[in-house]
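**Q** could you look at this predicted model? Sequence included:
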Amino acid sequence: MDPQSSQRTSGSVAMDDYLEQILHLIEEKGYARPMDISERLEISQASVTNMLQRLDAEGLVDHEKYRGATLTEEGHRIARAIVDRHELLTEFLRLFGIDEDTIYRDVEGMEHHVSRATLNAIRAVTESLRDDPKLLAAVLERVGR
Ligand code: MN
């Protein structure tokens, strides 16, 4: 097994994206309907249904055909970690005044590839810069912003 994979929060890029959006939908509406997931991810409803069945089989989602999906305890734990990682990377890039569209695109790419060790380093840097406005100003100066 790839040593990295034991540190990953779930199985694949696609699964991460599903779990992330399912958690967002559950927090907004109480459950995640295939139609809403399909819209958020810009993926066909047939593909959404397939993935929900797979996530259900892996014990991460309870999928009821017409009502939609909820997360199991394990699914919720993994989805929470995915959303937290997205938020940390977003917070990190916002320190540099990068525009929100660019941040979103970059985070959607970065979040799937970042190891726990790198994430811990980014968290430490984010907190250090946030807690030290002088340091942040010096860094921004170097970045040219
Ligand atoms: Mn994300």
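**A** Everything's here; your move. Numbers count the residues shown, from 1 in each chain.
**Q** where does this protein have its least confident helix or strand?
**A** Taking mean pLDDT, DSSP states H and E as the measure, the helix or strand of the chain with the lowest value is strand 61-64, at a mean of 90.
**Q** just the buried residues of that strand, please?
**A** Val61, Asp62, His63 (16 or more other C-beta atoms under 10 Å). Glycine gets a C-beta too; all of them are placed from N, C-alpha and C.
**Q** and for stretch 98-106?
**A** Ile103.
**Q** residues making contact with it?
**A** The set of residues that contact stretch 98-106 without belonging to it, under C-beta atoms under 8 Å, 6 or more residues apart in numbering, is Leu89, Thr90, Leu93, Arg94.
**Q** rerun that using 6 Å as the cut-off
**A** If you take C-beta atoms under 6 Å, 6 or more residues apart in numbering as the criterion, stretch 98-106 is touched by Thr90, Leu93.
**Q** from the chain's centre, how far out does that stretch sit?
**A** The chain centroid and the centroid of stretch 98-106 are separated by 14 Å under C-alpha atoms, centre = their mean, to the nearest Å.
**Q** so which residues of the protein form helices?
**A** Taking DSSP state H as the criterion, the chain contains helices spanning 13-29, 34-41, 45-57, 73-94, 100-110, 116-131, 133-143.
**Q** out of those, which is closest to Arg67?
**A** Checking the helices of the chain against Arg67 by C-beta to C-beta gives helix 34-41 as the closest, at 10.0 Å.
**Q** avg pLDDT for the closest one?
**A** Along helix 34-41, the predicted local confidence has a mean pLDDT of 94.
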